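[1] Pasted the sequence and its predicted model underneath.
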Amino acid sequence: MATHAERRKAGSELLAAMTGQPVGFASAAEQRTGAFGSFVVDYSFGQVWQDDELSRRARNIV
């Protein structure tokens, strides 16, 4: 299982890649959304979207 720092880094990089924004975009978004934004970056993009069982396309459809 990834550490918090690893999930944060992976989540920030994936969010940037998916939105076309710079990597620092996640931090700026978190400042506006607080704890919920941190949860989304760490858990959704840093853990759930990193799973290899489904392709990104399939995961997006689901």
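    Cool, the structure landed. Small disclaimer: the values here were computed from a predicted structure and weren't measured.
[2] Any buried residues in stretch 30-48, and which?
    Neighbour counts over stretch 30-48 (16 or more other Cβ atoms under 10 Å) mark 30, 37-38, 40-42, 45-46 as buried. All C-beta atoms are positioned from the backbone trio N, CA, C, and that covers glycine.
[3] any chance of the residues you listed in CSV, plus pLDDT?
    Listed next are the buried residues of stretch 30-48 as CSV, based on pLDDT from 0 to 100:
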residue, pLDDT
E30, 82
G37, 86
S38, 88
V40, 89
V41, 89
D42, 90
F45, 90
G46, 91
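[4] Among those, which lie within helices?
    Mapping the buried residues of stretch 30-48 onto helices (DSSP state H) picks out 30, 37-38.
[5] can you tell me which of the buried residues of stretch 30-48 lies nearest to E6?
    G46 (7.7 Å; Cβ to Cβ).
[6] what's the closest one in contact with, if anything?
    Counting by Cβ atoms under 8 Å, 6 or more residues apart in numbering, G46 touches 2, 6-12, 14.
[7] So V48 versus V40, what's the distance?
    As for V48, its distance to V40 is 10 Å (criterion: Cβ to Cβ, to the nearest Å).
[8] Now do the helices in the chain.
    Secondary structure of the chain (DSSP H): helices at 4-19, 25-33, 35-39, 56-61.
[9] Check which helices and strands the shortest one sits against.
    Counting contacts by 3 or more Cβ pairs under 8 Å, 6 or more residues apart in numbering; DSSP states H and E, helix 35-39 packs against helix 25-33.
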